[in-house]
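Engineer: Following is a predicted model, sequence given first.
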Amino acid sequence: MSRFSHLVVFAVAFAVVPVASFARTFIIPHVIESNGTTNSPNQFDTSFQAVYTPGMVDGELVSAATVNVYLFNNAGAPVMSAAANPVCNPCVFGLNGATRQISQTFDSLINAAGGFPGNVVVGFALIEVTGDDDHVALGATTTNSHTSAFDLDFFFHEVPELPAGLDPSLRLIVFPRFTESSMSTSASPFAFDTNFYAAYAGGVGGSSIPAGTGATVSLYLFNANGTLKQSSNGSNVCAPCIQAVSAGSPKASFILQNLFLAAGGFANAAENGFALVSITGTADAVAVQGLVVNSHTNAFDVAISELEGREVPTSVPPTAIDTPPSLGSALRSWPNPLHERTQIDYTLPGAGDATVEIVDVTGRVVARPVRGHHAVGDHRIEWNGRGDDGTSLPSGVYFARLVTNEGVHTLKMTLVR
């Protein structure tokens, strides 16, 4: 594993939303701070800033806001200092007409709580803003020193704001390019490592977001032609790689160097392509981050860049028969994602003809597990991930549709081989 496989830099996205009684929540999927400052070579310092703007140039009424910063380890527990004190659980900062900006480094906050428990602190961070929250702009920067304190890189990373409510759904995030070398940045100069991180905010201490039911994060790695990446022995690499996140286990890490080696080794000295991240379950409580680390003259002289992820739509194209579903016709499946088979439950408010069909992302019906007359009440079928012709369907997103005289009810499912 790369020495810098946990290195992260971040900036909270600037955003404006209406004033609300609940907190605005930002989650930084991966945070690290070293025991040292950029006054020395080969160090990094992460800082965050908050600015309060009313009445400065726009005549807005001046009020006040509070910024709460939480720092967690990968298990979701507060980071503890060397003196066994919690670090930022939370650190509280006030903003008003007299205090327009705050700027703090995690290095100083850890030391103020009793010092570093080791050489580095690794985890994730949660930032919540209350009060006059729509007039607060947040940002963060990581500064990395190279040969001296005057040889610096600055990194500004955006992190999305998470919604206050939870909507169980499927989300797909594309990273248009990743790059991974067979040599690790921990051991070699002029190497590069790519890592993906996901963090779950629901139910985390200090979060105003409900716990939800957790989520499943699936990472797929592809070549430019859309075929799955393979190792030196022909095994698929991340087809997909799967990790679960929840309030009790909120952090997922995908270190590509390790994943290629676990699949059988590198087929090429450098691997390039694109990545697809699928999130199912309580998906909108998850934030995903991608990073690439590049070593220069040695393993401690590195540069870090963020990989920009693009969320893409996942809904089925509308068809002529799709109408608003009956409120009495419930459609459920478990497990979802499914590997070999899933149980589909549905409820009919009255007797009549009903069909359950499986549809792919293009809107094509690939299977009809059941059709015919149904009695009123609850029904259960099992789908084995195969089409009507008996062939195994490939991994991907599918939709179960319950078609009755009263309309159509659609449920998203993910098939993982």
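Structural biologist: That came in fine, so what should we check first?
Engineer: count of neighbours near residue 75?
Structural biologist: Residue neighbour count, defined by other Cβ atoms under 10 Å, stands at 10 for residue 75. All C-beta atoms are positioned from the backbone trio N, CA, C, and that covers glycine.
Engineer: Does residue 101 touch residue 47 like I think?
Structural biologist: No - in this structure residue 101 lies outside contact range of residue 47 using Cβ atoms under 8 Å: 11.9 Å.
Engineer: who has more neighbours, the two?
Structural biologist: Neighbours per residue (other Cβ under 10 Å) separate residue 101 from residue 47, with residue 47 holding more: 17 against 10.
Engineer: Now the spatially closest residue to the more buried one that is not a sequence neighbour, what are its backbone angles?
Structural biologist: Spatial nearest neighbour of residue 47, excluding adjacent residues (Cβ to Cβ, 6 or more residues apart in numbering): residue 105 at 4.3 Å. The phi and psi torsions at residue 105 (degrees, to the nearest 10) take the values phi -100, psi 150.
Engineer: Which residues are in contact with residue 105?
Structural biologist: Counting by Cβ atoms under 8 Å, 6 or more residues apart in numbering, residue 105 touches 33, 45, 46, 47.
Engineer: Am I right that the second one is in a helix?
Structural biologist: When you say that, I think you mean residue 45. No - under DSSP: H, G, I helix; E, B strand; the rest coil, residue 45 falls outside any helix and is assigned strand.
Engineer: Point out where the stretch 151-300 of the chain drops to low pLDDT.
Structural biologist: Residue ranges of the stretch 151-300 of the chain with pLDDT under 70: 159, 164-169, 299-300.
Engineer: Once you drop chain neighbours, what's closest to the residue most central in space within the chain?
Structural biologist: In the chain, the centroid-proximal residue (Cα atoms, centre = their mean) is residue 288; its distance is 2.4 Å. Nearest residue to residue 288, sequence neighbours excluded (Cβ to Cβ, 6+ apart): residue 198, at 4.8 Å.
Engineer: wait, doesn't that neighbour sit right on residue 249?
Structural biologist: No - Residue 198 lies out of contact with residue 249 (Cβ under 8 Å); the separation is 11.3 Å.
Engineer: in the sheet, who's paired with residue 353?
Structural biologist: In this entry, residue 353 is beta-bridged to residue 373, by DSSP bridges.
Engineer: List the contacts of it.
Structural biologist: Counted by Cβ under 8 Å, 6+ apart, residue 353 has contacts 371, 372, 373, 374, 404, 405.
Engineer: Would you quantify the distance from the last one to residue 348?
Structural biologist: Think residue 405. Distance check for residue 405 against residue 348: by Cβ to Cβ, to the nearest Å, it reads 10 Å.
Engineer: Mind checking which of these two has more residues around it?
Structural biologist: Legend: neighbour count by other Cβ under 10 Å for residue 405 and residue 348, higher for residue 348 (21 against 10).
Engineer: give me the beta-bridge partners of the more buried one?
Structural biologist: Residue 348 has the following beta-bridge partners by DSSP bridges: residue 377.
Engineer: roughly how far apart are it and residue 342?
Structural biologist: 20 Å.
Engineer: SS state for the residue nearest to the centre of the chain?
Structural biologist: Of the three states, residue 288 takes strand according to three-state DSSP.
Engineer: list the contacts for it?
Structural biologist: Taking Cβ under 8 Å, 6+ apart, one finds 29, 173, 196, 197, 198, 217, 277, 279, 309 in contact with residue 288.
Engineer: again, but for residue 176
Structural biologist: Applying Cβ under 8 Å, 6+ apart, the residues contacting residue 176 are 274, 308, 310.
Engineer: What's the first helix or strand after whatever helix or strand it lives in?
Structural biologist: Secondary structure from DSSP states H and E places residue 176 in strand 171-181. Counting by DSSP H and E, the next helix or strand C-terminal to strand 171-181 is strand 192-200.
Engineer: just the strands in the stretch 251-400 of the chain please.
Structural biologist: Using DSSP state E, counting those that start in this stretch, the strands found in the stretch 251-400 of the chain span residues 251-255, 270-281, 286-295, 302-307, 310-312, 331-334, 342-348, 352-360, 365-374, 377-383, 396-404.
Engineer: just the ones you listed: most buried one?
Structural biologist: strand 286-295 (a mean of 23; mean count of other Cβ atoms under 10 Å).
Engineer: tell me the angle of that strand relative to strand 171-181?
Structural biologist: Per axes from the mean of the first three to the mean of the last three Cα atoms, to 10 degrees, the angle that strand 286-295 makes with strand 171-181 is 10 degrees.
Engineer: So in that sheet, which strands flank strand 286-295, and in what orientation?
Structural biologist: Here strand 286-295 has these sheet partners by DSSP bridges: strand 192-200 (antiparallel), strand 302-307 (antiparallel).
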